[in-house]
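Undergrad: Quick one, fold the following:
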Amino acid sequence: MFPTFTTARFLLREIDQRDIDAVFRGLSNPDVIRYYGVSYRSLDETQTQMDWYRDLQEQQSGLWWGIAFREAPEQLIGACGFNDWSPSHRRIELGYWLMPEHWRCGVMSECLPPILRHAFDDMRIHRIEAVVDTDNLASRCLLERIGFRHEGTRRDGELKDERFIDTEHYGLLSSDPWS
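TA: Residues are numbered from 1 along each chain as shown. Modelled structure (predicted):
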C-alpha cells in the first residue's frame, strides 16, 4: 500500500494516470524546468514521466508523491520524492518540483519532512542526497534550512540545453539534526 501523508495544509499522495495534465503543466512550465532535469512539450511526451513514477515503485528504486492541498486532493501543485535508491548502501536521492504560483509559500518546507522521516524510519535509509543547479538559490536555501549539508560543487557536472552547468551536492544523514 502506498504511504500517504497529511500536513497542516497538504496531502502527499500517490501520483497516478489522472495526474498527467498537472504533471505536464509543471514539467512544461519554463519557470519550473529552468532548474529541473526533464521537460516535456506534449501530453504524449509526459507519459514518459508517468511511466517513470510507476516504474520507480514497481522496481523499488524510489518513490514519488504528488502534492495537493488537503481540500483539493485531486489537484496536483507539485511533486516530491526519491529515486536512485541503493538499498545496499542505504542511500537515496531526493527531488522535487512545484508550480511557480506556490513558490515561497512554505510548501516544500512543510512537505519534505514527512517523506524524509519515512525514508529514515520506514525505508531504513541512512543517507539522502540532493543535487541542485548552482543558480537555484531558493532550492539550496530550502535544503540548508531543513538540515542538509552542502558537500561540494561539481564543476560542469551536467549538460543542460547544450551547455555544461555546475551542480551543488547536499547530503542529510539519519544521524544529522534536521527539521
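
Undergrad: Could I get the full set of strands for the chain?
TA: 5-6, 10-14, 63-69, 76-86, 91-98, 127-133, 149-160, 163-173 (DSSP state E).

Undergrad: Can you lay out the ones you listed as a markdown table showing mean pLDDT and distance to residue 41?
TA: All C-beta spots, glycine's among them, are computed from the backbone N, C-alpha and C. Listed next are these as a markdown table, based on pLDDT from 0 to 100; distance: least, Cβ to Cβ, whole Å:
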| stretch | mean pLDDT | distance to residue 41 |
| --- | --- | --- |
| strand 5-6 | 98 | 32 |
| strand 10-14 | 98 | 26 |
| strand 63-69 | 98 | 21 |
| strand 76-86 | 98 | 19 |
| strand 91-98 | 98 | 17 |
| strand 127-133 | 97 | 21 |
| strand 149-160 | 94 | 16 |
| strand 163-173 | 96 | 20 |
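
Undergrad: To residue 23, which of these lies closest?
TA: strand 76-86 (7.0 Å; Cβ to Cβ).

Undergrad: Export only the CA atoms of that closest one, formatted as CSV.
TA: C-alpha atoms of strand 76-86 as CSV (Å, rounded to 0.1, in the frame of the first residue of the first chain):
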residue,chain,number,x,y,z
LEU,A,76,-1.6,18.4,-8.0
ILE,A,77,0.5,21.5,-7.5
GLY,A,78,3.9,19.7,-7.4
ALA,A,79,5.7,16.5,-6.6
CYS,A,80,8.5,15.3,-4.3
GLY,A,81,10.2,12.1,-3.8
PHE,A,82,13.1,9.7,-4.1
ASN,A,83,14.9,7.9,-6.9
ASP,A,84,18.2,6.2,-7.4
TRP,A,85,17.7,4.1,-4.3
SER,A,86,20.8,2.0,-3.4
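
Undergrad: quick one, it and strand 63-69 angle?
TA: 160 degrees (axes from the mean of the first three to the mean of the last three Cα atoms, to 10 degrees).

Undergrad: Let me see the residues that make contact with strand 76-86.
TA: 12, 15, 19, 22-23, 26, 56, 60-69, 91-99, 102, 107-108, 111-112, 115, 119, 123, 125, 128 (Cβ atoms under 8 Å, 6 or more residues apart in numbering).

Undergrad: Out of the residues you listed, which end up buried?
TA: 12, 15, 19, 22-23, 26, 56, 62-68, 91-99, 107-108, 111-112, 115, 119, 123, 125, 128 (16 or more other Cβ atoms under 10 Å).
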